[in-house]
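**Q** Sequence and predicted model, in that order:
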Amino acid sequence: MGQLISASIDLNKIDKSKIVAGKNGAKYYNLLISVNDTKNEHGQDVSISENQSKEERDGGAKKKYLGNGKTIWSGTAKQPSSGVSEHSTNDDLPF
């Protein structure tokens, strides 16, 4: 299933010490995005938090929420068809 999600984060909440350097001068900030099965009172079903290290998780550090959002489109991907139905029954076949 594919989904489109619209979300935003509060840039003032970003811990700048967690920005990591990548190749060619790129900078990254690792996020954890969670899509919930139910929507809240604002129609939102997506929460965005700061990614935690294993040590932070094991130490019981509280999640730092940065923003939220909502699923704006959800659909199913079409599977390629072989042209033959597995459940087709045709009793008029000569064999």
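**A** It's in.
**Q** do you know how far Glu41 is from Tyr29?
**A** Distance, Glu41 to Tyr29, using C-beta to C-beta, to the nearest Å: 29 Å. C-betas here are computed from N, CA, C, even on glycine.
**Q** cool, and Arg57?
**A** Taking C-beta to C-beta, one finds Arg57 at 18 Å from Tyr29.
**Q** and what of Gly69?
**A** Distance from Gly69 to Tyr29, by C-beta to C-beta: 17 Å.
**Q** next one: Asn36
**A** Look at Asn36 and Tyr29: by C-beta to C-beta, they are 22 Å apart.
**Q** So between the two, which is more surrounded?
**A** Between Asn36 and Tyr29, counted using other C-beta atoms under 10 Å, the more crowded position is Tyr29 (15 against 11).
**Q** That one reaches Ser17, doesn't it?
**A** No - with contact defined as C-beta atoms under 8 Å, Tyr29 and Ser17 do not form a contacting pair (10.6 Å).
**Q** all strands for this protein, in order.
**A** Assigned by DSSP state E, the chain shows strands spanning 2-9, 20-21, 27-28, 31-35, 46-50, 65-75.
**Q** now these in CSV, with mean neighbour count and mean pLDDT?
**A** Listed next are the strands of the chain as CSV, based on neighbours: other C-beta atoms under 10 Å; pLDDT from 0 to 100:
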stretch, mean neighbour count, mean pLDDT
strand 2-9, 12, 94
strand 20-21, 10, 96
strand 27-28, 10, 96
strand 31-35, 13, 96
strand 46-50, 19, 97
strand 65-75, 15, 94
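**Q** Now the terminal residues of stretch 3-14, how far apart.
**A** With C-alpha to C-alpha, to the nearest Å as the measure, the ends of stretch 3-14 fall 26 Å from one another.
**Q** No further questions, thank you.
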